[in-house]
Every structure is written in structure tokens, then in C-alpha cells.
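Participant: No letters, just coordinates:
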């Protein structure tokens, strides 16, 4: 069931082997951010979702907003050889609880999250943070802007 959701594209977990969807947040909405690595360049208006190509090179982020200093930061792919054991245990527990209660939809969604963690651990992810965007959980990067 989980693989069916992953391959069908109906899962909203942004699993894509060569890319990752990220929610870019700033403490002041409306900032224009440009994300770049050796695979390309992408722009987003905060808060917003951007799909970037994964790379072993750092992901540089530059955000601008009128009245604020230009903000520069970067992220690297998380260690791709390690699975987040706490996340796997939490999602495995949710999967088993859903099955025990006969709630197959809940069990399936928890299993999907478990699959996401395992895939991300193998391919890498730029962030472990999760934020809410339009009522859905998304991997997120938060950037603080400083006034001029």
C-alpha cells in the first residue's frame, strides 16, 4: 500500500529521488528567497514551497525584503548513512497502533511517514524541521530577517 502511494504520486510527502520539496519560512512574510546549489537555482516568495534538486554540495539561500538586510544562509544534506531512530520508532508505533485499532487509513499514513524517513535517510534531506503550510506538514527551513 505504501509503495503504491509513493509511486502513484498521491502521497503529499514530497518523495522524489533526485529532489526535495521544502517550505521556506521567514519571520517576516513576503521575502523573496533564492536557493542555489550546483544542480540549479530556484526562487520562492515566503512563506512558500520550492522543489530543489538534491546535491552533496551545500544549498545556499539568499533572502531579500524591503526594509531588511539581505540574509544569507546555507544547508547541507543530512548524513545519508543514518536513519533518525526516534522518528522511525515514533512512526512504527503509530503504524502498529493503527493496525491494532483497526484504523487502516491511520496505519497507512504512519507507514508512509516511516517510508519517507527511510528514503530521506538514504538520499539525504536538507532539513529535519517540519512546519505547517495550508494545514499540511512540510519539511521546512526557517530564516530570520534583520531590519536595516
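Facilitator: Okay, I see it. It should be emphasised that the depicted structure is a prediction, and the values quoted were computed from it without experimental measurement. Residues are numbered from 1 along each chain as shown.

Participant: Report the spatially nearest residue to residue 65, omitting neighbours in sequence.
Facilitator: Leaving aside its chain neighbours, residue 65 sits nearest to residue 31 (4.0 Å; criterion: C-beta to C-beta, 6 or more residues apart in numbering). In this view, the C-beta of every residue, glycine as well, is placed from N, C-alpha and C.

Participant: For that neighbour, give me its contacts.
Facilitator: With contact set as C-beta atoms under 8 Å, 6 or more residues apart in numbering, residue 31 has these partners: 45, 46, 63, 64, 65, 68, 71, 143, 145.

Participant: ditto for residue 131
Facilitator: Contacts of residue 131 (C-beta under 8 Å, 6+ apart): 23, 25, 137, 138, 140, 142.

Participant: what about the closest residue to the last one other than its chain neighbours, how many residues close to it?
Facilitator: Which is residue 142. Closest residue to residue 142 apart from its sequence neighbours, by C-beta to C-beta, 6+ apart: residue 25 at 4.8 Å. Residue 25: 21 surrounding residues under other C-beta atoms under 10 Å.

Participant: Residue 25 belongs to a strand, doesn't it?
Facilitator: Yes - counting by DSSP: H, G, I helix; E, B strand; the rest coil, residue 25 falls inside a strand.

Participant: now it: how far from residue 39?
Facilitator: 22 Å (C-beta to C-beta, to the nearest Å).

Participant: and of the contacts of residue 131, the nearest to residue 126?
Facilitator: residue 140 (10.0 Å; C-beta to C-beta).

Participant: what sits against that closest one?
Facilitator: Shown in contact with residue 140 (C-beta under 8 Å, 6+ apart): 22, 23, 24, 25, 127, 129, 130, 131, 133.

Participant: now the residues you listed as a markdown table including pLDDT?
Facilitator: Below are the contacts of residue 140 laid out as a markdown table (pLDDT from 0 to 100):
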| residue | pLDDT |
| --- | --- |
| 22 | 94 |
| 23 | 94 |
| 24 | 96 |
| 25 | 96 |
| 127 | 81 |
| 129 | 80 |
| 130 | 79 |
| 131 | 83 |
| 133 | 85 |
